[in-house]
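Engineer: model this:
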Amino acid sequence: MRQILIKNAYIVSMNAKREIFNNGSILIENDRIKEIGKIDEKNLLADVEVLDAKGKIVLPGFVNTHVHLSQQLGRGIADDVDLLTWLRERVWPYESSFDYESSLISSTACCVEMIKSGVTTFLESGGQYVDAMVEAVKTTGIRAALSKSVMDEGVGLPENWIKTADEEIATQKDLYDRFNNTADGRVRIWFGLRTIFNNSDELILKTKKMADELNTGIHMHIAEIAAENDYVKASRGDSTVEHLHKLGALGPNLLAVHTVWLTDREIDLFRLYDVKVSHNPAAAMKVVLGFARIPEMLEKGLNVSIGTDGAPSNNRMDMMREMYLTSLIHKGRTLNPKAVPAEQVLEMATVHGAKCALLDKEIGSLEVGKKADLIVLNPNTLHSLPLHDPIANIVYTMSSENVESTMCNGQWLMKNREILVLDEAELIEKLKEKAAEIKKKAKIELPNRFPVVDII
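Structural biologist: Residues are numbered from 1 along each chain as shown. All right, here's what the predicted structure looks like:
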């Protein structure tokens, strides 16, 4: 048995009552929370690890509900371009040049960046080397739901990605059988549907059937751009959401990512079928998707969470930054200063994220019996003080720099800003070397934004 005691902390529990324990303590036993609030230290084990968190804030670990692990090495290859150029001319050539080692380095680097910004669980929307992603998750100690990037039709697909619906289903079933609930339960395997541009009705229906049978999730980009709805109306007779509804594909295990172009009726359909939503504010603005109607979704009771998206479209895996943007852009869009307030943003990043991950009985709040997934924030920086309103400060003033320690499954992944699960300096060197190799292999040429003078 192993115990960790965190004491004298400002504990934001995010429990059903949203209780905050000022000068409180958390006792962790193995991978779960045993006690919270006031703890009698007389009953602790002799070798208990004690962390005095006086003046610091303890929160549930953040849940990043939309990530592309395999895109981490592609940061900077697709800036200032439209979505289809971004996808077909930059990201697909880049991703299709990957091998297992490339995916492993990319995935590991992405996991570490998330750990440093307080993420303890993430949902991966799909790559080609899921086994490499699994290895990265095992190594870094984080929690994840992983998917294969699944496509069986569409314009511009790399030749080695062209598969039939049955082939894609069989591959995902094999991944589920081999990897689901591995790494001490930290790895879950979901089914992926890249976009309706690249997914036939046959694939959508077979994916829904298999995911329901296995009681797992489906991760899909939905209503991302206006042209998507135009395409689906022209090719299948209705908008993306309406078409998925007619197919019977909407349900509580579907995570709809971006959802920028939804009508009132489609928001109501999401509510009716308990479809989960991942809001990615930075990516939506950078790739010019538009502004998702998040206040309207939240008002109708939809379960809306926050994701970063991948490195070429954001370009940072920083949940603290995404929380800040989530509140700001919707105040600006609605001209309402009360739209998506700080406490609601924090719910989106924790308890809502846990529900989107289908793990709300295990994570998302700090409660007895739940997994010990938590972070320690140090507010003692000039950019985050004074601390008149701690919840507001977490969302509006703090950054990933304030994330001092990160724990998942009762294990410290980062402590006092030091990554404990691997050699970070060594990873950085591998990242630089492999990124240059992949860019060259993919034949991606980027323009010089300013004249470059080589000094010999």
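
Engineer: in the stretch 351-456 of the chain, which spans are strands?
Structural biologist: 374-377, 403-408, 411-415, 418-419 (DSSP state E, counting those that start in this stretch).

Engineer: Tell me which of those approaches Leu250 most closely.
Structural biologist: Counting by Cβ to Cβ, Leu250 lies closest to strand 403-408 out of these; the figure is 31.3 Å. Placement of C-beta: from N, CA and C, glycine included.

Engineer: Show residues contacting the closest one.
Structural biologist: The contact list for strand 403-408 (Cβ atoms under 8 Å, 6 or more residues apart in numbering) reads 4, 28, 51, 56, 61, 115-121, 141-143, 186, 320, 371-378, 412-417.

Engineer: among those, which are in helices?
Structural biologist: 115-116, 320 (DSSP state H).

Engineer: Leu205: which of these is nearest?
Structural biologist: Ile115 (37.2 Å).

Engineer: before we move on, the earlier item: take the strands of the stretch 351-456 of the chain and lay them out in TSV including mean pLDDT, distance to Asp389 and mean neighbour count.
Structural biologist: Supplementary listing: the strands of the stretch 351-456 of the chain in TSV, determined by pLDDT from 0 to 100; distance: least, Cβ to Cβ, whole Å; neighbours: other Cβ atoms under 10 Å:
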stretch	mean pLDDT	distance to Asp389	mean neighbour count
strand 374-377	98	14	25
strand 403-408	98	19	25
strand 411-415	98	26	20
strand 418-419	98	30	14
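
Engineer: Domain boundaries for the chain, per the record?
Structural biologist: In the assignment given by automatic domain parsing, the structural domains of the chain cover 3-60+365-419, 62-356.

Engineer: what's the least confident helix or strand in the chain, going by average pLDDT?
Structural biologist: helix 83-85 (a mean of 78; mean pLDDT, DSSP states H and E).

Engineer: Contacts for it, please.
Structural biologist: Counting by Cβ under 8 Å, 6+ apart, 78, 224-225, 227, 287-289 sit against helix 83-85.

Engineer: Lowest-confidence entry in those residues?
Structural biologist: Sorting the contacts of helix 83-85 by pLDDT puts Val288 at the bottom of the list (79).

Engineer: Among the contacts of helix 83-85, name the ones in helices.
Structural biologist: Checked against DSSP H, those include these in helices: Ala227.

Engineer: from the contacts of helix 83-85, which single one is nearest His258?
Structural biologist: Glu224 (4.4 Å).

Engineer: Test my guess that that closest one contacts Arg194.
Structural biologist: No. Between Glu224 and Arg194 there is no contact under Cβ atoms under 8 Å: 10.7 Å.

Engineer: higher neighbour count, the two?
Structural biologist: When neighbours are counted by other Cβ atoms under 10 Å, Glu224 comes out ahead of the other of Glu224 and Arg194, with 27 against 23.

Engineer: For the more buried one, give its distance to Asn378.
Structural biologist: 37 Å (Cβ to Cβ, to the nearest Å).

Engineer: what's the answer for Gly141, then?
Structural biologist: 21 Å.

Engineer: Who has more neighbours out of the two?
Structural biologist: Between Gly141 and Asn378, counted using other Cβ under 10 Å, Gly141 has the larger neighbour count: 23 against 18.

Engineer: For that one, which residues are in contact?
Structural biologist: Applying Cβ under 8 Å, 6+ apart, the residues near Gly141 are 186, 408-409, 411, 413, 421.

Engineer: do you know how far it is from Leu413?
Structural biologist: Distance from Gly141 to Leu413, by Cβ to Cβ: 5 Å.

Engineer: Mind listing the shared neighbours of those two?
Structural biologist: The contact sets of Gly141 and Leu413 overlap at Val421 (Cβ under 8 Å, 6+ apart).

Engineer: element containing the most centrally placed residue in the chain, please.
Structural biologist: Central residue of the chain (Cα atoms, centre = their mean): Asn64, 2.5 Å from the mean position. Following DSSP states H and E, one finds Asn64 within strand 62-67.

Engineer: got the buried residues for that strand?
Structural biologist: Using 16 or more other Cβ atoms under 10 Å as the test for burial, strand 62-67 gives 62-67.

Engineer: Stretch 293-309 too?
Structural biologist: By 16+ other Cβ under 10 Å, the buried positions in stretch 293-309 come out as 293-295, 297-298, 302-309.

Engineer: Next step: those restricted to strands.
Structural biologist: 304-306 (DSSP state E).

Engineer: how about stretch 208-228: buried residues?
Structural biologist: Residues 208, 210-211, 214, 216-225, 228 are the ones in stretch 208-228 that count as buried (16+ other Cβ under 10 Å).

Engineer: Out of these, which two sit at the greatest distance?
Structural biologist: Leu214 and Ile225 (30.6 Å).

Engineer: where does this structure have low pLDDT?
Structural biologist: By pLDDT under 70, the chain contains no weakly predicted segment.

Engineer: if we go to 80?
Structural biologist: Within the chain, the stretches with pLDDT under 80 are 83-84, 87, 155-161, 288.

Engineer: Show me where the stretch 101-250 of the chain has its helices.
Structural biologist: 130-140, 165-179, 201-214, 226-236, 240-247 (DSSP state H, counting those that start in this stretch).

Engineer: how about these in JSON lines, adding distance to Asp268?
Structural biologist: Output for the helices of the stretch 101-250 of the chain, formatted as JSON lines (distance: least, Cβ to Cβ, whole Å):
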{"stretch": "helix 130-140", "distance to Asp268": "34"}
{"stretch": "helix 165-179", "distance to Asp268": "30"}
{"stretch": "helix 201-214", "distance to Asp268": "20"}
{"stretch": "helix 226-236", "distance to Asp268": "17"}
{"stretch": "helix 240-247", "distance to Asp268": "10"}
